[in-house]
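> Could you look at this predicted model? Sequence included:
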Amino acid sequence: MSSRLSRLSALSSSQSAVSSRTRRLAVHLAAALLAGGCGVAVQAQPAWPAAKPITLIVPFSAGGSVDVTARLIAQKLGERLKQSVVIENVAGAGGVIGMEKAAKAAPDGYTFVLGADSPAAIARLVNPVAVRYDTLKDLAPVGLVTTAPMVIVARPGLPANNLADVIRLAREKPGQLSYATSGVGTVLHLAMERVKDQSKTFMVHVPYRGGAQIVTDVIGNQVDLAVLISVTAAPHIHNKKLKAIALTDDQRLPSLPDVPTVAETAGFKGFDMVSWTGLFAPAQTPPAVVERLNRELGEVLRMDEVRAKLADGGAVAGKGSAAEFARFVQTESARYAAIVKAANIKE
């Protein structure tokens with residue numbers, strides 16, 4: 001019995017020694033792999049945004065107001081991030097194609113989009129079949145970039161000098177007054193539909209494809225009214241080729257101090273609608289990247305040079321955190337949804 005126990009003890013010790021050697025070999029092998037001893041190198045990823053240039057999608061053609069803003073912001077962001085920010089114009093369907101591309105991009109912090117009110121918060125409401133993204137679910141708000149007031153203008157021969165006059169004419173001649181905007185479902189269209197709804201009037205919408213032809217036709221008395229971005233309207237108001245009726249913002253513009261706001265007209269207290277642009281990332285982009293980009297964007301938008309250039313284009317620099325911009329988009333989307341439903345706007 002003693003001999004058998006001795007043999008079992010020796011066997012156990014031998015097995016223990018083999019097991020110990022096996023464990024040591026495994027540890028050494030793992031260390032060798034990590035060190036690249038077997039040709040496998042494990043390297044840490046460079047901190048964002050050092051890995052590669054950042055792409056900023058502009059969902060409109062080059063040369064437009066959104067594109068100009070994007071190039072200004074991209075240059076300054078690139079300087080602060082010490083990384084190239086490359087503009088990619090992806091035009092089509094009023095901005096929808098570019099927004100969709102951004103929504104489907106990898107959420108790795110290297111693709112963003114400068115969205116605007118219409119494709120970001122209105123298009124899906126008026127054409128849900130064609131718009132295959134939901135901004136509030138498929139994109140992450142980064143920051144508000146600009147806001148810009150709109151102006152209701154009238155043709156030179158229209159017997160109206162303010163919004164109260166326009167409403168009076170519309171009630172006297174239901175359906176006989178016409179107004180132009182740059183398209184169905186644009187924020188310009190929705191602003192006038194809100195005016196119509198609050199005043200209980202009916203005016204005919206005439207959608208155009210761009211602002212230049214609208215100005216020509218209103219000046220030529222082909223259309224009674226139009227809703228334009230302030231920077232487009234201002235020169236023609238100053239040279240008295242267009243009549244300024246009212247601003248859609250809640251305060252007067254320094255460049256148009258004599259033009260009252262819609263809210264100053266009886267029955268429109270609290271009226272406030274602006275055109276806007278904002279920076280978005282694909283959903284699931286790391287929160288740390290979103291917050292960093294929001295901080296850098298805020299610094300850029302506080303630069304005197306940037307604010308001056310935006311003002312030259314009729315825009316006001318945005319501000320606020322990513323969370324505040326998310327709430328802004330949610331609020332605007334809800335307001336747009338109510339207008340679209342009330343006016344039964346479809347495309």
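It's in. Numbers count the residues shown, from 1 in each chain.
> show me where pLDDT drops low in this structure?
Scanning the chain for pLDDT under 70 picks out the ranges 1-45.
> Okay, helices next: where are they in it?
Taking DSSP state H, the helices of the chain run over residues 2-35, 65-81, 96-104, 117, 123-126, 135-138, 163-172, 187-199, 211-219, 230-238, 287-301, 304-312, 322-343.
> what residue is smack in the middle of this protein?
Gly115 (2.7 Å; CA atoms, centre = their mean).
> Looking at the helices of the chain, which one is packed in the most?
helix 117 (a mean of 25; mean count of other CB atoms under 10 Å). In short, each C-beta sits where N, CA and C put it, glycine included.
> Which strands and helices lie in contact with it?
Counting contacts by 3 or more CB pairs under 8 Å, 6 or more residues apart in numbering; DSSP states H and E, helix 117 packs against strand 274-282.
> ok so, going back, name the nearest residue to the residue nearest to the centre of the chain, sequence neighbours excluded.
Spatial nearest neighbour of Gly115, chain neighbours left out: Phe280 (5.0 Å); criterion: CB to CB, 6 or more residues apart in numbering.
> give the contact list for that neighbour.
Counting by CB atoms under 8 Å, 6 or more residues apart in numbering, Phe280 touches Met99, Ala102, Phe112, Val113, Leu114, Gly115, Ala120, Thr135, Leu139, Ala140, Pro141, Val142.
> so the residue nearest to the centre of the chain makes contact with Trp276?
No - at 9.1 Å, Gly115 does not count as touching Trp276 under the criterion of CB atoms under 8 Å.
> just to revisit the earlier point, out of the helices of the chain, which comes closest to Asp249?
Asp249 lies closest to helix 230-238 among the helices of the chain, at 8.2 Å (CB to CB).
> now the angle from that closest one to helix 211-219?
Here the directions of helix 230-238 and helix 211-219 differ by 30 degrees (axes from the mean of the first three to the mean of the last three CA atoms, to 10 degrees).
> List the contacts of the closest residue in space to Ala315 that isn't next to it in sequence.
Leaving aside its sequence neighbours, Ala315 sits nearest to Thr146 (CB to CB, 6+ apart; 4.0 Å). Listed by CB under 8 Å, 6+ apart, the contact partners of Thr146 are Thr69, Trp276, Thr277, Leu310, Ala315, Val316, Ala317, Gly318.
> and if you look at Ile167?
Taking CB under 8 Å, 6+ apart, one finds Ser199, Thr201, Thr265 in contact with Ile167.
> okay, the residues you listed in TSV with distance to Asn127 next?
Converted to TSV, those look like this (distance: CB to CB, whole Å):
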residue	distance to Asn127
Ser199	27
Thr201	26
Thr265	32
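> ok, the nearest residue to Asn161 once chain neighbours are set aside - how many residues close by?
Leaving aside its chain neighbours, Asn161 sits nearest to Lys243 (6.6 Å; criterion: CB to CB, 6+ apart). Neighbour count for Lys243, taken as other CB atoms under 10 Å: 22.
> is it true that Lys243 touches Pro156?
Yes - Lys243 lies in contact with Pro156 (CB under 8 Å); the separation is 6.6 Å.
> show me the contacts for the closest residue in space to Asp217 that isn't next to it in sequence.
Nearest residue to Asp217, sequence neighbours excluded (CB to CB, 6+ apart): Val223, at 5.0 Å. Taking CB under 8 Å, 6+ apart, we find Val223 in contact with Arg155, Ser178, Tyr179, Ala180, Val206, Ile214, Asp217.
> Over to Asn294?
Going by CB under 8 Å, 6+ apart, Asn294 touches Val142, Gly143, Ser321, Ala322, Phe325.
> Glu305: which of the residues you listed is nearest?
Nearest to Glu305 among these, with distances taken as CB to CB, is Gly143, at 18.4 Å.
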